[in-house]
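Engineer: Requesting a structural model of the entry that follows:
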Amino acid sequence: MAWQRGQSLSGNRYIIEKKLGEGGIGVTYLAKNQRSELRVIKTLREDILDNPAWKPYLKKIQQDFRDEAVRLSVCLHPHIVKIKTIFEEENLPCIAMEYIEGADLSKYLRRMGILSETEALQYIQQIGDALKVIHRRGLLHRDIKPSNIIIRQNKTEAVLIDFGIAREFIPNEVQKHTIYHTPGFAPPEQYQIEAPRGEFIDVYALAATLYTLLTGVTPTSAENRNQHILLKPPQDLNPHISDRTNQAIMRGMALNADYRPQSVHEWLQLLEKTIDEKQNFGIIPPTQVITPAPKSLLPYSWKCVNTLKEHTSMVHSVTISPDGKIIASGSSDKTIKLWELQSGKLLRQLGRWFSGHSGIVDTLAFSHDGEILASGSWDETIKLWSVSTGKQISHLKGHNSCVNSLAFNPKDQILASSSVDSRIKLWQVIDNKEVNNFTGHSDSVSSIAWSPDGDFLASASADYTIKIWQASTGREIRTLYGHSLFVNSLAYSRDGTILASGSSDNTIKLWQASTGREIRTFKGHDDAVWTVTLSPDKEFLVSGSWDNTIKIWQIITGNEICTLRDHSNYVRSIAISPNGQTLVSGSDDGTIKIWQQQ
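Structural biologist: This is a model prediction of the structure:
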């Protein structure tokens, strides 16, 4: 059926010049109209028509092609290819469109290597504006990618073309999909026969297109990402990309559609959003004068004063009792040890013989009166211990995978736990009863932290998000987006105004606790940030990383104060004493180190 040069269509209104190419279900030709103006003629591909598997659906495909052409013809926008006429030729639906002189973005990118952020954002903004018009008409494009965007010759104007798999959508309704997708640009929903349709489908593809323009690399496909092959943040490939754009891309490409902005407008706002650094990070009202702490009061120098070596394997968790006298440590040697902080003397080991954990002890938490120590393990259990006697008080079982984090509520006898099973559970300590179960994360919950008033619980997850929950109801209050990889650790400031998070994207972020607004990003680690904690006076932040270092940061300026390098392997856990003058760190080198401010 391939049309040859010189063939006339639509009663000699168009004369074929040449074949231009093929897309998902369509084939395009260059033609001239009766005024010798160039046009692009699009119709259905021959192999679609001749394929026996498609025969039962052929009439529907033809009708859909016509219907979508009609709808697109009223999507008038400078950055959408103009449809001139719709006609039939040899019982095939055909669309005549304007011919755009220029190169598509994939060819332009091959010539340029990568685009500057300014140029790339200009094109993305233009295509985003075009998509808003398309979406208002109840259509999705579903195949946004660099090769479907043409840059007009000698102009900085991008035009969206090739609507071959465009479809109607009803927001949030589950609808059948044509199983066609471009790997790297198609979201997971397009790999499914039935899935909700919404603007979030085109959001993913637009974000993936920006990823490619800024890196020259096609993103990891959604199919491979679902097989746990990680998507590298674009900033890893092009360090000149701004934090704002890097975060917007990763947010737009979230595998779970619920975690993406639900409209192109929302996503474009992320690209436009700037952080007001002059408002003292949203912590202190702008009318209040900020007086930096005197240099003599800031912890510019720390010294390791003791190294504890009684564990026979990696130290996963360290914590300090509320009175500042006892260190508790948990290890992959399956033991828990209690130490005197001041001297480093080993006081006792918990869990001898048959009462101990049968797996790695990954997390520890003291009750607020210091009388109970809770431990969580890879054996999927939680144990409660008497600190004074070392005896096991109770054994809690409810999670279906490793227990990652524990935290006692500041005002009630409630223990919160999180797990690789993506769940958060609340336990009544008095009667060992599970009283609530929070679900909402789509991957392992790595860390939990109570607000100082005990009204809210924050959770960090391998799904790249942080969630804030209302403790009394279990209702999810908000979700914080910004990290581009797993969020590993959380800590509230003592006054409850700030929440700090550490991530495998090598960064630490500060958030305004009351609004969830991102305040500041700390950069300096060369590997995953596994643990963060804040000083009691909110003057400095401490982070531990898989780059084997501990870093001290001044909160008010974001400056790195010093780096502690005594550990020879991953730093997994850090605790700070109630007076803020002593740090304790646990590492995969099997040691616990005690540091004092000099």
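
Engineer: So, low pLDDT: which residues of this structure?
Structural biologist: 1, 23-24, 68, 163-181, 195, 273-300, 352-354 (pLDDT under 70).

Engineer: Which residue ranges make up the domains of it?
Structural biologist: 8-98, 103-272, 277-597 (automatic domain parsing).

Engineer: So what would you say the end-to-end distance of the first one is?
Structural biologist: Right, the one you point to is domain 8-98. End-to-end distance for domain 8-98, by C-alpha to C-alpha, to the nearest Å: 18 Å.

Engineer: Please state the offset of stretch 120-134 from the chain centre?
Structural biologist: Relative to its chain's centre, stretch 120-134 lies at 23 Å (C-alpha atoms, centre = their mean, to the nearest Å).

Engineer: Next, the buried residues of it.
Structural biologist: Neighbour counts over stretch 120-134 (16 or more other C-beta atoms under 10 Å) mark 120-121, 123-124, 126-131, 133-134 as buried. Quick note: C-beta positions are derived from backbone N, CA and C, even for glycine.

Engineer: What of stretch 407-420?
Structural biologist: Buried positions in stretch 407-420, judged by neighbour count with 16+ other C-beta under 10 Å: 407-409, 412, 414-420.

Engineer: what two of those are the furthest from one another?
Structural biologist: Farthest-apart pair in those is Asp412 and Val420; separation 25.9 Å (C-beta to C-beta).

Engineer: can you tell me how far Gln428 sits from Val435?
Structural biologist: 5 Å (C-beta to C-beta, to the nearest Å).

Engineer: Then Ala53?
Structural biologist: Separation of Ala53 from Val435 (C-beta to C-beta): 54 Å.

Engineer: Setting aside sequence neighbours, what's the nearest residue to the residue nearest the centre of the chain?
Structural biologist: Taking C-alpha atoms, centre = their mean as the criterion, Tyr464 is the residue nearest the geometric centre of the chain, at 3.6 Å. Nearest non-adjacent residue to Tyr464, counting by C-beta to C-beta, 6 or more residues apart in numbering: His483, 5.4 Å away.

Engineer: just Gly252 next, same as before
Structural biologist: Closest residue to Gly252 apart from its sequence neighbours, by C-beta to C-beta, 6+ apart: Ala207 at 2.8 Å.

Engineer: My understanding was that that neighbour contacts Ala248; is that so?
Structural biologist: Yes. Using C-beta atoms under 8 Å, Ala207 is in contact with Ala248, at 7.1 Å.

Engineer: re the thing from before, can you work out which residues contact both of Gln428 and Val435?
Structural biologist: Common contacts of Gln428 and Val435, defined by C-beta atoms under 8 Å, 6 or more residues apart in numbering, comprise Ile414.

Engineer: hmm, back to that, so the residue nearest to the centre of the chain: helix, strand or coil?
Structural biologist: Assigned with DSSP: H, G, I helix; E, B strand; the rest coil, Tyr464 falls in the coil class.

Engineer: Repeat that for Asp505.
Structural biologist: Applying three-state DSSP: Asp505 is coil.

Engineer: Now do it against Gln122, distance only.
Structural biologist: 27 Å.

Engineer: Kindly report the same for Glu90.
Structural biologist: As for Glu90, its distance to Gln122 is 42 Å (criterion: C-beta to C-beta).

Engineer: Ala158 now?
Structural biologist: Ala158 sits 8 Å away from Gln122, going by C-beta to C-beta.

Engineer: ok, Ala53 and Val435, which is more surrounded?
Structural biologist: Val435 (13 against 7; other C-beta atoms under 10 Å).

Engineer: Would you tell me which helix is longest in this protein?
Structural biologist: As assigned by DSSP state H, the longest helix anywhere in the chain is helix 117-136.

Engineer: how distant is that one from the center of its chain?
Structural biologist: 22 Å.

Engineer: Who are the packing partners of the helix or strand that comes right after it?
Structural biologist: Helices and strands here follow DSSP states H and E; after helix 117-136, the next one along the chain is strand 139-140. Secondary-structure packing of strand 139-140 (3 or more C-beta pairs under 8 Å, 6 or more residues apart in numbering; DSSP states H and E): helix 58-73, strand 167-168, helix 199-215.
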